[in-house]
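J.: need a 3D model of the sequence below.
(one chain, ligands or ions: 1)
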Amino acid sequence: MCGIVGYVGPREAAPFLVEGLARLEYRGYDSAGVAVLNGAGVETRKLAGRIAGLRELLTRTPVHGRCGIGHTRWATHGAPTERNAHPHTDCTRTLALVHNGIIENADVLRKRLEQDGHRFVTETDTETLVHLIEESPGATLEARVIAALDHVEGTYGIAVVAEADPGKIVVARRGSPVLLGVGDGEFLVASDASAVLGHTRSVVYLNDGDVAVVTPEGYRVLDRDAREQDRAVDDIEWDLDAIALGGYPHFMLKEICEQAETVRSTLRGRLLVAEGTARLNGLNLTAEDCRAIQRVVIVACGTSWHAGLVGRHVIEELVGIPVSVEYASEYRYRRQLHLPGTVTIAISQSGETADTLEALRAARAGGSTVLGLVNVVGSTIAREADGGLYLHAGPEIGVASTKAFTSQVVALLLLGLYLGRQRELSGEEGRRLAAQLARLPELVERTLAVEPQVRALAERYADARNALYLGRGATFPVALEGALKLKEISYIHAEGYPAAEMKHGPIALIDENMPVVCLAPKDPVYAKVVSNMQEVKARGGRIIAITSEGNGDLSKLADHQIAVPTSPPLIAPVLTVIPLQLLAYHIAVLRGCDVDRPRNLAKSVTVE
Ligand code: G6P
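T.: Numbers count the residues shown, from 1 in each chain. Reported below is the predicted structural model:
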């Protein structure tokens, strides 16, 4: 949800800004811009459109200077036009600012600032910030930024430059991520590590409430009372290869095809097959803590919420405690029940989703222990949680989440195994599950071999206008996820439904034009799903069955069947989701859609 960058050092800033923005484009891609201090003042270049356009604009009309900021936008307030694109400037055009987040009291502030004579030129909430800084007192830019932020309600990650303070970027964060890249005599500012990795592996993650002052001589981190803070320098663990296409046409396909490896990496060093358990030191829970858990609440959004639904089956089955799975955006505004023994798990690929972060904070305020299941190391949720598990799936760039989902399910299986063994799961059951999990990367590899079959299916259904996905038990969330993948990237309307619940509504939609994807792996409800497929068949629906190798032949019932390797029911979601990811991908490609950057979406949703 918007990406921000900054550069200050001995070299030209613009190339650093554009390179950083290109890596952050997954965060938003409707408009972009840069502002550079050119020695005489603030010079901006911006446009509606993508970073490639900004790069061309800067080739035609370059900006020169060694200190600058940039932004790629996902519009919230105001249409994605050149005028509304960041950076925004004050009335005198001597200050420029980029912002990620939402200023909630923007209307009130704007009214007041206009009455005081400030001239607004955009429809954005962000512009209020730059006028506020313009009129705030202070001898330095940081003093003025701190004074201005006192009037602001909402969330922000900002970077500000000023003609009066050349060679300095002031950064502040509350609720939206910002980090500093530490180079040799030069410093970068970015929403995430991918934007600085081409130049340095050393980063400083800022905390909420921090204000950082960055110059070629170094950086200082202050709190809101301008007191100096100590922030550690961290190392980025992955390298540029992880964020390159590596010969694939799209990141989404690359990430789907990586899943044998990413699942292996989630399991690595954690699975104790002989003992029939897992080693999860990061949870920071003692054996006694584990036994005291009476209830688990999972909070998440989007694909991570679907993983949470699988997690409910996993934890209830293996640990024997009740689990509720909540949309983070709903949960955070409900009354928090102070139930002793509650553990809340926030699931988030990015670790920055605003609603998930706030749900985690609400749960903590309600007395719950909070854990994070997060992919991005050093992200806000990872740092705020009491403990948790990193997915270790590597950077996910495609806006439609794929490898993060399978790793989330695997992490939940590890958690279920570990907690289960502290409670009612026997050594023998634990060893059986651990051995099955150890084989999972190989099963994922075999599942990926269905791609040619799925591609042929995609050709058959690329023109569909609607699609229905049905599943039951632990595979019902896979139906939701398959439908989400299709609608996100191909813009075909798709719904996921519990297979039996179809009778209570969606069955009315079924005719010979409706593809119905039926998830029928080998599990205790297989026969029931087959009955549901009969109901679809009787209404002329086109059945695409995702089944297991060990199941019988469904060719009399299904128009198409795709078999994945047989696995225990709790593990099946990791395999059955793969053909659905591939189906959505190939349909979107055939429809000419921008798979990695679907319209209106952003990878990291840091606004409510
Ligand atoms: C956005 C992304 C989804 C993702 C969701 C939650 O909507 O497009 O792919 O599932 O946010 O993100 P998180 O980073 O919290 O998992």
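
J.: contacts only, for residue 11.
T.: Counting by CB atoms under 8 Å, 6 or more residues apart in numbering, residue 11 touches 66, 186. To be clear about C-beta, it is placed using only N, CA and C from the backbone, and glycine gets the same treatment.

J.: which parts of the stretch 301-450 of the chain are strands?
T.: For the stretch 301-450 of the chain, applying DSSP state E, counting those that start in this stretch gives strands covering 323-327, 342-348, 369-374, 387-390.

J.: name the stretch among those that sits most buried.
T.: Using mean count of other CB atoms under 10 Å, the stretch among these with the largest mean neighbour count is strand 342-348, at a mean of 29.

J.: returning to that earlier point: which of the strands of the stretch 301-450 of the chain sits closest to residue 246?
T.: strand 387-390 (22.4 Å; CB to CB).

J.: picking that back up, the strands of the stretch 301-450 of the chain into CSV, with extra columns for mean pLDDT and distance to the ligand?
T.: CSV is the format used below for the strands of the stretch 301-450 of the chain (pLDDT from 0 to 100; distance: least, CB to the nearest ligand atom, whole Å):
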stretch, mean pLDDT, distance to the ligand
strand 323-327, 97, 11
strand 342-348, 97, 3
strand 369-374, 97, 8
strand 387-390, 96, 13
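
J.: among these, which is nearest residue 89?
T.: Distances from residue 89 to each of the strands of the stretch 301-450 of the chain were compared by CB to CB, and the smallest falls on strand 342-348, at 34.2 Å.

J.: so which of the strands of the stretch 301-450 of the chain is nearest residue 88?
T.: Once the strands of the stretch 301-450 of the chain are compared by CB to CB, strand 342-348 is nearest, at 29.3 Å.

J.: who's in contact with the closest one?
T.: Contacts with strand 342-348, where a contact means CB under 8 Å, 6+ apart, come from 293-301, 304-305, 307-308, 311, 328, 356-357, 359-360, 363-364, 366-375, 379, 381, 385, 388, 408, 415.

J.: angle of it against strand 369-374?
T.: Here strand 342-348 runs at an angle of 20 degrees relative to strand 369-374 (axes from the mean of the first three to the mean of the last three CA atoms, to 10 degrees).

J.: so what strands line up beside strand 342-348?
T.: Strand 342-348 has these partner strands in its sheet, going by DSSP bridges: strand 295-300 (parallel), strand 369-374 (parallel).

J.: can you redo these as CSV with distance to residue 527?
T.: Shown next, in CSV, are the strands paired with strand 342-348 (distance: least, CB to CB, whole Å):
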stretch, distance to residue 527
strand 295-300, 29
strand 369-374, 33
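
J.: can you pull the contacts of the nearest residue to residue 106 once chain neighbours are set aside?
T.: Taking CB to CB, 6 or more residues apart in numbering as the measure, residue 106 lies nearest to residue 125, with 3.6 Å between them; neighbours along the chain are not counted. Contacts here follow CB under 8 Å, 6+ apart; on that basis residue 125 touches 76, 77, 102, 103, 106, 154.

J.: let's see that with 10 Å instead.
T.: Counting by CB atoms under 10 Å, 6 or more residues apart in numbering, residue 125 touches 76-78, 99, 101-107, 109-110, 152, 154, 156.

J.: top of these by neighbour count?
T.: For the contacts of residue 125, counting by other CB atoms under 10 Å, the largest number of neighbours falls to residue 99: 29 neighbours.

J.: centre of the chain to the helix or strand that contains that one, how far?
T.: Using DSSP states H and E, the secondary-structure element containing residue 99 is strand 95-100. In terms of CA atoms, centre = their mean, to the nearest Å, the centre of strand 95-100 is found 23 Å from the chain centre.

J.: then stretch 103-120?
T.: When distances are taken as CA atoms, centre = their mean, stretch 103-120 is centred 32 Å away from the chain's centroid.

J.: which residues sit against that stretch?
T.: By CB under 10 Å, 6+ apart, the list of residues contacting stretch 103-120 from outside reads 76-77, 88, 90-91, 123-132, 134-135, 148, 151-156, 608.

J.: can you say which of these are buried?
T.: 76-77, 88, 90-91, 124-132, 134, 148, 151-152, 154-156, 608 (16 or more other CB atoms under 10 Å).

J.: fine by me, we can end here.
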